[in-house]
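Undergrad: have a look at this prediction, sequence included:
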Amino acid sequence: MNIRELIDVLQGKMLVQNHDPDEEMPLGGAADLMSDVLAFGSEGMALLTGLTNPQVVRTAEMAGINVIVIVRDKTPPPETIDLARDSGITLIRTGYTMYEACGRLYKAGLPGRGLVKIQNDSW
Amino acid sequence: MSNQEITKVQELIYTTRVESVMAANVVVIDPSMTVSQVKDLMRDRRISGAPVVSDNQIIGIVTISDVIRLMEEGKLNSPITEVMTTEVRTVLKDAMVSEVINNVGRQGFSRLPVVDHDGSLVGIVTTGTLIRSLLLQMDKSFQKNEAEKLYTYRASHIFQDISSDDTSLMLRYVVNERDFDNAGKASSMIKRSLQRLVVRPQIVRRVGVAVYEAEMNLVIHTDIGGEIIVEVRKDRVNIATVDHGPGIEDLKRVLQPGFSTAPEWIRDMGFGAGMGLANIKRVSDVMKLTSAYGQGTRLEIVFNFGPESLALKTDSQKA
Ligand SMILES: Nc1ncnc2c1ncn2[C@@H]1O[C@H](COP(=O)(O)OP(=O)(O)OP(=O)(O)O)[C@@H](O)[C@H]1O
Ligand SMILES: [Mg+2]
C-alpha cells in the first residue's frame, strides 16, 4: 500500500508531507507506548497512534518509521508539526478511531508484523 | 528533469505554504480610480494586474488585458469599480501551494490575491513569484543534499586521515531532567553522526533505539539529568549514560520487563511501560547497568560492528 492509498482508505488529511505519495509501506503497526514502537517498529512502517506530542516524532525517527497516522481526528500541537517537518516524517490525520483505522488498513491489504516473540526476561 | 526532481517539486507544492511564496507588498487599486489612472498605475509600477481594495477588503480585480479591452471600447474615463471583475478568487495565506497551482494553472488565472482568515489582503501570488520561490527552495534543498554528502565524505574518512595505533572518536551529550522539549535530540544527533561515519544502517538503527531509551531514562528518571558518552571505534561503538541521582534501589527489579516507577503524567505521554531497558538489552550486544542508590546510575551498552561488517573506513584503505 502506498501513502496515497492509505490516505484514501482512512479518509485522512496530510499534515506534513515528507514522502512521495506513491511511496510503498511494507507494513503497519499501532501503539500508544513509545517502548512498543521501539520494540516492533521497523524501517518504512506506518505507525498509527493516539498520541500527538513531539516525542512520537522522535520515537518514530529513531525506529526508522516514515509515516505517522494520528487517529481520532486529534490535532497535534505546532511543535509536533515542526519537528515532523524537520525530521523528515510524514504526518497524517484521520477521523477514525484506532480500532477502525487499523481494521480498514488491514482489510485493504496493509499487513502487520505477525506473531511477535514474547519478551525473554531471563537476564 | 529527472524523476527525482519532479518528485521534489511535487513535495514542495504539497508542503510549502502560500505565505512563503507570495509577494507581500501588493500594489492595489483604489476604488476611486478611473480606467485611465489604472492604466498609468500599471505602466509605472510595471505590473500586469492588481486587486481593487477598500478598507483592506478585496472588492475587485483588474488585469492588463481588461485595461486593453476597455481602451478599445473607449472606456478610459469609466470608474474602475464599474468595470472591474467583482468575483475574485483568493487563496488563504496558510493554504498549500498546490491550491494555487490548481487555480492558476487549470482555471487560467495568472494571479491570486492572498488573504488571511478575516479576509484582509496580505499578499499576492503570481506565476512569477511562484516559480521564483520554488526554484529558490529547490536550490536550497539541493545544496543541503550536497552538504550532507560532503559531511559524510569528510566524517567517513576520519579514521583514515588520522594516524595512530588505535583511533577512537568520543562524542558527549548533556541531557537535562524533565526537558521534554529537547528529549531525544542527543539520540537524533548520535544517529546522524553514525550515518555520516557510514556505519551500517542496521547497526545505526539498533544504536538509535537503545540510545533513545537511555536518553529518555535520563530525562524521566533522574534528579539532575546526566550525560551520554559515545565512543566510536573501528570495530564497535561503546555508549555510556551517566547520572548522579537518584540511583536505583533494586537493580533486579528494574530489569524486569514491565516494571516502571514512572508517574501517571509520564505514562500519559506514552512512556513508562517498563520496556526501555528490555529494549536496550534486546538490540545491543552487551549491556551493563550499575547503580549506587542515593548516588547515581551508569548504563553501558556495546554494539559490535562484526567481522565482515567492518563499517568504518579503516587502514585497509591505506595505500
Ligand atoms: N537513570 C536512571 N536513574 C534512576 N532510575 C532509573 C534510571 N533508568 C531507569 N531507572 C528505573 O528503571 C525503571 C525501568 O526502566 P525502563 O526504561 O525499563 O522503563 P521505563 O523508563 O519506566 O518505561 P519505558 O522505558 O517503557 O518508557 C524505571 O521505571 C526507573 O525506576
Ligand atoms: Mg525507559
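TA: Here it is on my side, so go on. Ligands and ions are numbered 1, 2, ... in the order given.
Undergrad: would you state the strands of chain A in chain order?
TA: All strands of chain A, identified by DSSP state E, fall at A:13-16, A:28-30, A:46-49, A:67-70, A:90-93.
Undergrad: before we move on, what about chain B?
TA: For chain B, the strands defined by DSSP E cover B:49-54, B:57-63, B:91-92, B:111-115, B:121-126, B:169-175, B:226-232, B:236-243, B:286-292, B:296-304.
Undergrad: of those strands, flag the one that's most buried.
TA: Comparing the strands of chain B by mean neighbour count (mean count of other C-beta atoms under 10 Å in any protein chain shown), strand B:111-115 ranks first with a mean of 24. Placement of C-beta: from N, CA and C, glycine included.
Undergrad: mind giving me the packing neighbours of that strand?
TA: When contacts are defined as 3 or more C-beta pairs under 8 Å, 6 or more residues apart in numbering or on different chains; DSSP states H and E, strand B:111-115 packs onto strand B:57-63, strand B:91-92, strand B:121-126.
Undergrad: ok, that strand: who's next to it in the sheet?
TA: strand B:91-92 (parallel), strand B:121-126 (antiparallel) (DSSP bridges).
Undergrad: centre of the chain to the shortest one, how far?
TA: Strand B:91-92 sits 23 Å away from the centroid of its parent chain (C-alpha atoms, centre = their mean, to the nearest Å).
Undergrad: contact partners of it?
TA: Strand B:91-92 is contacted by residues B:18, B:99-100, B:103, B:112-117, B:125 when judged by C-beta atoms under 8 Å, 6 or more residues apart in numbering or on different chains.
Undergrad: can you do 6 Å?
TA: B:18, B:99-100, B:112, B:114 (C-beta atoms under 6 Å, 6 or more residues apart in numbering or on different chains).
Undergrad: how about TSV for the residues you listed, with distance to residue B:59 and pLDDT added?
TA: Below are those laid out as TSV (distance: C-beta to C-beta, whole Å; pLDDT from 0 to 100):
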residue	distance to residue B:59	pLDDT
B:18	21	90
B:99	22	86
B:100	21	87
B:112	16	91
B:114	16	95
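Undergrad: can you tell me which of these is nearest residue B:153?
TA: Distance to residue B:153 across the contacts of strand B:91-92 (C-beta to C-beta) is lowest for residue B:18, with 37.5 Å.
Undergrad: find the nearest non-adjacent residue to the closest one, please.
TA: residue B:95 (5.0 Å; C-beta to C-beta, 6 or more residues apart in numbering or on different chains).
Undergrad: quick one: end-to-end length of stretch B:154-171, please.
TA: 17 Å (C-alpha to C-alpha, to the nearest Å).
Undergrad: buried stuff in it?
TA: B:155-156, B:159, B:167, B:169, B:171 (16 or more other C-beta atoms under 10 Å in any protein chain shown).
Undergrad: tell me how far the residue most central in space within chain A lies from ligand 1.
TA: Closest to where the C-alpha atoms of chain A average out (C-alpha atoms, centre = their mean) is residue A:47, at 1.8 Å. Per C-beta to the nearest ligand atom, to the nearest Å, residue A:47 is found 16 Å from ligand 1.
Undergrad: what of residue A:74?
TA: 21 Å.
Undergrad: and the closest residue to that residue other than its chain neighbours, what pLDDT?
TA: Nearest residue to residue A:74 in three dimensions, chain neighbours excluded: residue A:52, at 5.2 Å (C-beta to C-beta, 6+ apart). Residue A:52 is assigned 96 on the pLDDT scale.
Undergrad: can you tell me the closest non-neighbouring residue to the closest residue to ligand 1 within chain A?
TA: Closest to ligand 1 within chain A is residue A:35: 3.4 Å, counting by C-beta to the nearest ligand atom. Residue nearest to residue A:35 in three dimensions, not counting chain neighbours: residue B:275, with 3.5 Å by C-beta to C-beta, 6+ apart.
Undergrad: for residue B:111, same thing?
TA: residue B:126 is the one closest to residue B:111 (C-beta to C-beta, 6+ apart), at 4.4 Å.
Undergrad: that neighbour and residue B:113 touch, don't they?
TA: No: using C-beta atoms under 6 Å as the test, residue B:126 is too far from residue B:113 to be in contact (10.3 Å).
Undergrad: about what we covered before: contacting residues around the residue nearest to residue A:74?
TA: Neighbour list for residue A:52: A:70, A:74, A:76, A:80 [criterion: C-beta under 6 Å, 6+ apart].
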